[in-house]
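[1] This is the structure alone, sequence omitted:
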């Protein structure tokens, strides 16, 4: 029997691949994105705003959710390239990155905790980054701060929402082979490297979802060799 997943960032990148994978498996996907998602029940929303978050919550209503898959994320202009300049990054950009990467996950999880609690084995999975780990920061201040903040927020959500018995996981990957990352490597904006295949992060999400209700996978770190 198919499950019901809410996938945030479902129009492209990791979120798009995750949404399409589970859609093809016959699961019901609520696909949240600003631009049209390729599959599932599309919820058009700008989650950097309170209005966008509320539109997602209203669209879901009382529908039980087996998983919240927060696969979206943003970063500064020219991030991870030699062209990045923290001093040139406007304050509005910092606020936008923090809104999408930290505030939205907190507010969506809080609002949808009751929906998740209606499932037999609810999971909330978020994509972080290796730069959010201790002693692993990158020069992109807003993005790094947001990934540190996401890890802390999820640890606190696990405590605050313990009665709902939701499994909480943050996946911290290196560069994933999205179309954008591949294009940056080919154009020389990123150093020459072999990004993590998309299949690996999909398999990681599948593995987490398949754990029994008695297991909580707190974090998974995926590093490039």
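    Perfect, I can see it now. Predicted model only: the values in this text are computed from it and were never measured.
[2] what does the lowest-mean-pLDDT helix or strand in the chain contact?
    Across the helices and strands of the chain, mean confidence by mean pLDDT, DSSP states H and E is lowest for helix 179-187: a mean of 90. With C-beta atoms under 8 Å, 6 or more residues apart in numbering as the test, helix 179-187 has contacts from 12-13, 80-81, 175, 190-193, 195. Placement of C-beta: from N, CA and C, glycine included.
[3] so where is the chain shaky, pLDDT-wise?
    For the chain, applying pLDDT under 70 flags no range at all.
[4] the strands in it, which residues?
    Counting by DSSP state E, one finds strands in the chain at the ranges 4-8, 28-33, 41-44, 67-70, 123-127, 167-173, 219-222.
[5] Dump the ones you listed into TSV; add mean neighbour count as well.
    Below are those laid out as TSV (neighbours: other C-beta atoms under 10 Å):
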stretch	mean neighbour count
strand 4-8	27
strand 28-33	25
strand 41-44	18
strand 67-70	26
strand 123-127	25
strand 167-173	22
strand 219-222	16
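[6] Quick one: these as JSON lines, columns for distance to residue 210 too.
    Formatted as JSON lines, the strands of the chain follow (distance: least, C-beta to C-beta, whole Å):
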{"stretch": "strand 4-8", "distance to residue 210": "14"}
{"stretch": "strand 28-33", "distance to residue 210": "18"}
{"stretch": "strand 41-44", "distance to residue 210": "24"}
{"stretch": "strand 67-70", "distance to residue 210": "11"}
{"stretch": "strand 123-127", "distance to residue 210": "10"}
{"stretch": "strand 167-173", "distance to residue 210": "11"}
{"stretch": "strand 219-222", "distance to residue 210": "13"}
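[7] Grab the nearest non-local neighbour of residue 125.
    The spatially closest residue to residue 125, leaving aside those adjacent along the chain, is residue 169, at 4.8 Å (C-beta to C-beta, 6 or more residues apart in numbering).
[8] Next up, the contacts around the one you found.
    Here residue 169 is in contact with 123-126, 154, 208, 216-220 (C-beta under 8 Å, 6+ apart).
[9] Among those, pick out the one closest to residue 104, please.
    Lowest distance from residue 104 to these (C-beta to C-beta) belongs to residue 126, with 10.4 Å.
[10] and the closest one, how far is that from residue 191?
    27 Å (C-beta to C-beta, to the nearest Å).
[11] do residue 168 as well
    With distances taken as C-beta to C-beta, residue 168 is found 33 Å from residue 191.
[12] pull the longest helix from the chain.
    helix 141-160 (DSSP state H).
[13] So which elements touch that helix?
    helix 91-98, helix 104-117, strand 123-127, strand 167-173 (3 or more C-beta pairs under 8 Å, 6 or more residues apart in numbering; DSSP states H and E).
[14] strand partners of the third one, parallel vs antiparallel please.
    Here the strand partners of strand 123-127, with direction, are listed using DSSP bridges: strand 67-70 (parallel), strand 167-173 (parallel).
[15] Of all the ones you listed, which one is nearest residue 21?
    Closest to residue 21 of the strands paired with strand 123-127 is strand 67-70 (C-beta to C-beta; 10.5 Å).
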